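Q: based on what follows, work out the 3D shape:
(one chain, ligands or ions: 1)
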Amino acid sequence: MKQIYLDHNATTPVHPEVIEAMLPALSGIYGNASSVHTFGREAKVALETAREQVAAFINCDPSELYFTSGGTESDNIAVTGTARQYRDRKNHLVVGAAEHQAVLAPANRLSTHENWQVELMPVDDDGLSSSDKLRELVTDKTALVSIMHANNETGVIQDIPALAAVAHEAGTLFHTDAVQSIGKTRVDVAAMDCDMLSLTAHKIYGPKGIGALYIRQGVKIAPIMFGGSHEKRRRPGTENVAGVVGLAKCLEIAQRQMDQDWTHLTGLSDHFIDTLMGRLPDVRLNGSRSQRVPQTVNLSFAGVEGEAILLSLDMEGIACSSGSACSSGSTAPSHVLIAMGKDPVVSQSAIRFSMGRSTTKEQLDYVIEKLVATVERLRAMSPYYKRESA
Ligand SMILES: Cc1ncc(COP(=O)(O)O)c(C=O)c1O
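A: Have a look, this model is predicted:
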């Protein structure tokens with residue numbers, strides 16, 4: 001049976017060049033980067049070289065970059081660390097309604113346990129947030145605005161410089177989760193004018209369990225973990241030198257491939273959407289067609305459960321996702337699609353196909369054949385399906 005992987009937003013295979021770059025740091029260079037002896041100093045050099053490379057990629061100073069275990073940890077440090085820093089002066093946070101749980105959950109916890117008021121920044125039916133709306137939400141009590149760059153379920157890209165400008169006008173810090181955009185589109189912290197930015201390696205052919213948080217020079221956030229002076233006390237714990245080397249390498253590869261990847265994935269995505277919609281009625285693309293990372297295609301299939309499609313495709317060797325992978329297992333409709341004003345039934349019929357560098361047109365043609373047959377079969381059995389466009 002063919003095996004086709006269309007779940008690159010969940011994670012990606014590690015690029016062979018990344019593995020090769022990491023090997024020395026897993027074998028010869030095994031010292032603790034905090035040790036003062038030669039072994040430690042060797043590890044420290046590898047760590048700091050990688051920091052310089054990652055910092056150059058996002059256009060910040062190496063001193064502004066803190067390595068973490070990935071996107072979840074970076075988001076938690078940004079949201080909770082800012083709230084704890086400002087708790088005597090401020091009591092209000094604004095977070096995007098379509099954020100990943102790595103932002104929503106710490107914000108909710110601050111609301112239930114630490115008396116913060118959390119306001120959700122709405123998105124329109126295309127998944128986009130407006131700066132005018134943000135202007136209405138921020139007050140002089142707002143400590144942080146956190147709005148993601150590209151959405152993990154729809155790929156929709158927000159206008160971060162415009163949103164950050166509104167936050168700054170109000171004297172508020174601005175954080176963005178760039179986990180799904182880094183390495184796919186330009187992520188430049190100076191151009192985006194953000195105070196904090198989260199990133200991870202495993203969505204861009206790097207290893208799992210390594211990421212970073214950019215914190216602009218001069219921005220103070222309280223530590224949320226304790227036990228060591230690593231990463232200037234903002235993320236204590238022995239540094240994952242091999243992971244950091246892998247992160248730097250996957251970004252180096254992304255840098256040289258970015259334009260080519262974008263063109264390749266735009267062509268594939270257009271082919272997939274147009275061919276599928278030409279073959280099947282009542283299929284909707286969720287999220288803006290133009291303002292998105294092209295590798296992500298989120299489609300609703302009227303009259304059928306996304307979960308049923310997912311399982312049928314899995315039996316055909318095709319891996320995709322219904323809702324966000326992190327919340328799969330739950331049958332609740334996606335909070336992202338609900339935030340976009342989609343009907344819960346439409347939300348439950350959604351499937352996310354996320355392509356990658358190795359995806360081909362032939363693979364997608366195979367997926368289209370299987371998908372058309374699956375949806376037609378499920379619709380024929382569905383008491384809910386009435387052809388909308390007949
Ligand atoms: C937008 C977004 N933020 C954060 C995360 C969490 O990143 P990590 O898996 O590196 O903890 C993910 C992973 O799915 C994501 O898509």
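
Q: what residues does the helix or strand of the chain with the lowest mean pLDDT touch?
A: Ranking every helix and strand in the chain by mean pLDDT, DSSP states H and E puts helix 344-348 at the bottom, with a mean of 89. The list of residues contacting helix 344-348 from outside it, by C-beta atoms under 8 Å, 6 or more residues apart in numbering, reads 284, 300, 302, 305-307, 331, 333-334, 337-338, 384. Yep, even glycine has a C-beta here, placed from its N, CA and C like the rest.

Q: how many other residues sit next to residue 358?
A: 12 (other C-beta atoms under 10 Å).

Q: for the one 5 residues further on, same thing?
A: Each residue near residue 363 was counted by other C-beta under 10 Å, and the total is 19.

Q: quick check: it is in a strand.
A: No: assessed with DSSP: H, G, I helix; E, B strand; the rest coil, residue 363 is helix; it does not lie in a strand.

Q: any of the contacts of helix 344-348 buried? List them.
A: The neighbour-count criterion (16 or more other C-beta atoms under 10 Å) marks 300, 302, 305-307, 333-334, 337-338 among those as buried.

Q: and the chain, which residues reach the ligand?
A: 70-72, 75, 100, 102, 148, 152, 177, 179-180, 200, 202, 211, 326 (C-beta under 6 Å from any ligand atom).

Q: quick one: which of the residues you listed is nearest residue 372?
A: For these, the minimum distance to residue 372 (C-beta to C-beta) is 26.2 Å, reached by residue 152.

Q: report the two of the residues of the chain next to the ligand separated the most.
A: So, those by C-beta to C-beta: farthest apart are 148 and 202, at 16.9 Å.

Q: more neighbours: these two, which one.
A: Legend: neighbour count by other C-beta under 10 Å for residue 148 and residue 202, higher for residue 148 (27 against 23).

Q: the longest helix along the chain packs against which elements?
A: Counting residues, the longest helix in the chain under DSSP state H turns out to be helix 241-279. Applying 3 or more C-beta pairs under 8 Å, 6 or more residues apart in numbering; DSSP states H and E, one finds that helix 241-279 makes contact with helix 16-26, helix 38-58, strand 65-68, strand 283-285, strand 296-301, helix 361-381.

Q: please identify the most buried of the ones you listed.
A: Among these, strand 296-301 has the highest mean neighbour count (mean count of other C-beta atoms under 10 Å), at a mean of 25.

Q: contacts for the following helix or strand past it next, please.
A: Counting by DSSP states H and E, the next helix or strand C-terminal to strand 296-301 is helix 306-315. With contacts defined as C-beta under 8 Å, 6+ apart, helix 306-315 is touched by 300-301, 319-323, 331, 348-351, 367, 370-371, 374-375, 377-378.

Q: next, the buried residues of helix 306-315.
A: Quick answer for helix 306-315 (16+ other C-beta under 10 Å): 306-310, 312-313.

Q: distance between the ends of stretch 93-109?
A: End-to-end distance for stretch 93-109, by C-alpha to C-alpha, to the nearest Å: 12 Å.

Q: repeat that for stretch 80-95.
A: Using C-alpha to C-alpha, the two ends of stretch 80-95 sit 12 Å apart.

Q: if I pick residue 206, what's in contact with it?
A: Contacts of residue 206 by C-beta under 8 Å, 6+ apart are 12, 14-15, 18, 200, 246-247, 249-251.

Q: doesn't residue 108 belong to a helix?
A: Yes: Residue 108 sits within a helix when classified using three-state DSSP.

Q: isn't it up against residue 118?
A: Yes: if you go by C-beta atoms under 8 Å, residue 108 and residue 118 touch, sitting 6.7 Å apart.

Q: which of those two has more neighbours?
A: residue 118 (18 against 14).

Q: nearest spatial neighbour of residue 382, skipping sequence neighbours?
A: Distance criterion C-beta to C-beta, 6 or more residues apart in numbering; nearest residue to residue 382, sequence neighbours excluded, is residue 303 at 4.7 Å.

Q: quick check: the one you found touching residue 377?
A: No: counting by C-beta under 8 Å, residue 303 does not reach residue 377; the two are 11.7 Å apart.

Q: just the mean pLDDT for stretch 240-250, thanks.
A: Taken as a whole, stretch 240-250 has an average pLDDT of 98.

Q: centre of the chain versus that stretch, how much separation?
A: Its chain's average C-alpha position is 19 Å from that of stretch 240-250, according to C-alpha atoms, centre = their mean, to the nearest Å.
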